[in-house]
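Asker: Sequence and predicted structure are below.
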Amino acid sequence: MLGLVRNETMKLLRRRRFLVVLLILAVLIPIFTYAQYRAVQTAQERLGTSDWRALLQQQIVDTQNRLASSRLPEEWRQFLKIRVQQQQYYLDHDINPNAPGGPSFARGFMDQAVSLFLPMMIVVLAVDLVSAEHSEGTIKLLLTRPVRRWEVLTSKLLTLILFVSLTVLAALIMAYLISGLVFGYSGWDLPVLTGFRIVGSELDTSGVFMVPQWQYLFMQYGLGWFVSVIVGIISLMVSVLVRSAAAGMGIMMAALISGTILTQMASSWESAKYLFVVNLQITDYLAGTLPPIKGMTLPFSLAVLSVWGAVALLVAYAVFIRRDVTS
């Protein structure tokens, strides 16, 4: 098995997919860093102060003004109400939720990347793991080797998990190192509050507790890794089912983008919470953000994603093992 994994690793490196992912991260993270820097500078110039308390208080006032609008959709109104309550909680407990620093930027980056950007990077890695064998004409050689077919697919799966792990780790390291040039590299021990719960349309703070930022990042990037693995497994299934890498890429991109749209629009369609694409924004549970559909919780989303991953594996193995290589 180790030899098969080594062989699959060399294949993936030869296709330069991982290099493409690293280059995308290296190009976009500086852009995100600059955008964050400009947002902070603009807010400070508008208020004439760099005091985080004044900035946070102004954000609360701005949000309350928006809540006064009668044309605000009810779902968005609930989201803003929860955010105001969280911001006020941070203010009351004298904790800066947006303290500058590389670790804080890495935390915000994962919150924004986990539902679309990071899964797209994983799709780039995974979507042609099997379909590329068709385009390169090596599928018959691959499936007629004196090795069990399930071992071949397992080696691809293990290679995928390895590169998913490297991608998530690279995202953390690059976000920290690049943003640290602007915001500094301190902040690993800054306090972060977690344990917020949404009860109805109100914020429950009875279970809130404080953790150092490094521990929060460990939990956050662990959830991001789990999401990435599930997306990678589903992409692997698509790669088995669809012989064209371009078609597989189109299917996965369409699914991820539609999931982003559904997350914004499907609050009244409760059955949508069983779709894997609606459960990707899993780090929001740590921050206590209002879920896209009422009744969704962290254990629920973990269970839904696990079921989708298990079914995708069953389908991938069943098809791959029984595939007719003569057609």
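Answerer: The structure has been received and is ready for your questions.
Asker: can you give me the strands in this protein?
Answerer: 191-194, 197-199, 202-204, 209-212 (DSSP state E).
Asker: buried stuff in stretch 64-83?
Answerer: Buried residues in stretch 64-83, counting neighbours by 16 or more other Cβ atoms under 10 Å, are found at 75, 78-83. In this view, the C-beta of every residue, glycine as well, is placed from N, C-alpha and C.
Asker: hang on, the earlier thing: could you look over the strands of the chain and pick the most buried one?
Answerer: Relative to the other members of the strands of the chain, strand 191-194 carries the highest mean neighbour count by mean count of other Cβ atoms under 10 Å, namely a mean of 20.
Asker: And the helices in the stretch 1-150 of the chain, which stretches?
Answerer: With DSSP state H, counting those that start in this stretch, the ranges of helices along the stretch 1-150 of the chain come out as 2-14, 17-47, 52-67, 74-92, 102-113, 117-126, 131-135, 139-143, 149-183.
Asker: So which elements touch the fifth one?
Answerer: Contact analysis of helix 102-113 by 3 or more Cβ pairs under 8 Å, 6 or more residues apart in numbering; DSSP states H and E lists helix 17-47, helix 149-183, helix 213-241 as its packing neighbours.
Asker: Please identify the deepest-packed of those.
Answerer: Counting by mean count of other Cβ under 10 Å, helix 213-241 has the highest mean neighbour count of the helices and strands packed on helix 102-113, with a mean of 22.
Asker: between that one and helix 102-113, how many degrees?
Answerer: Our comparison of helix 213-241 with helix 102-113, counting by axes from the mean of the first three to the mean of the last three Cα atoms, to 10 degrees, yields an angle of 30 degrees.
Asker: What helices and strands are in contact with helix 213-241?
Answerer: Contacts of helix 213-241 with other secondary structure elements, assessed using 3+ Cβ pairs under 8 Å, 6+ apart, are made with helix 102-113, helix 117-126, helix 131-135, helix 149-183, strand 191-194, helix 245-265, helix 284-287, helix 298-322.
Asker: Could you work out which of these reaches nearest to Thr9?
Answerer: Smallest distance to Thr9 across those (Cβ to Cβ): 5.3 Å, for helix 149-183.
Asker: one step back: okay if I get the buried residues of stretch 64-83 as a markdown table plus distance to Asp284 and pLDDT?
Answerer: A markdown table is the format used below for those (distance: Cβ to Cβ, whole Å; pLDDT from 0 to 100):
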| residue | distance to Asp284 | pLDDT |
| --- | --- | --- |
| Glu75 | 14 | 66 |
| Gln78 | 14 | 74 |
| Phe79 | 11 | 73 |
| Leu80 | 15 | 77 |
| Lys81 | 16 | 78 |
| Ile82 | 11 | 78 |
| Arg83 | 12 | 79 |
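Asker: mind showing which ranges of the chain have poor pLDDT?
Answerer: Residues of the chain that meet the criterion pLDDT under 70 lie in 47, 72-76, 132-146, 200-202, 264-268, 324-327.
Asker: And the residue nearest the centre of it?
Answerer: Among the residues of the chain, Val114 comes closest to the average C-alpha position under Cα atoms, centre = their mean, at 1.4 Å.
Asker: tell me which residues in stretch 44-62 are buried?
Answerer: The neighbour-count check on stretch 44-62 (16+ other Cβ under 10 Å) flags 52, 55-56, 59-60 as buried.
Asker: Next, the contact list for the residue nearest to the centre of the chain, please.
Answerer: 223-224, 227, 280-283 (Cβ atoms under 8 Å, 6 or more residues apart in numbering).
Asker: Considering the buried residues of stretch 64-83, which is situated nearest to Ala272?
Answerer: So of the buried residues of stretch 64-83, ranked by how close each gets to Ala272 (Cβ to Cβ), first place is Glu75, at 13.2 Å.
Asker: Now that we have the contacts of Val114, can you turn them into a markdown table and tack on distance to Tyr185?
Answerer: Below are the contacts of Val114 laid out as a markdown table (distance: Cβ to Cβ, whole Å):
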| residue | distance to Tyr185 |
| --- | --- |
| Leu223 | 24 |
| Gly224 | 21 |
| Val227 | 27 |
| Leu280 | 29 |
| Gln281 | 28 |
| Ile282 | 27 |
| Thr283 | 22 |
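Asker: what's the closest of those residues to Thr194?
Answerer: Within the set of these, Thr283 lies nearest Thr194; the separation is 10.4 Å, counting by Cβ to Cβ.
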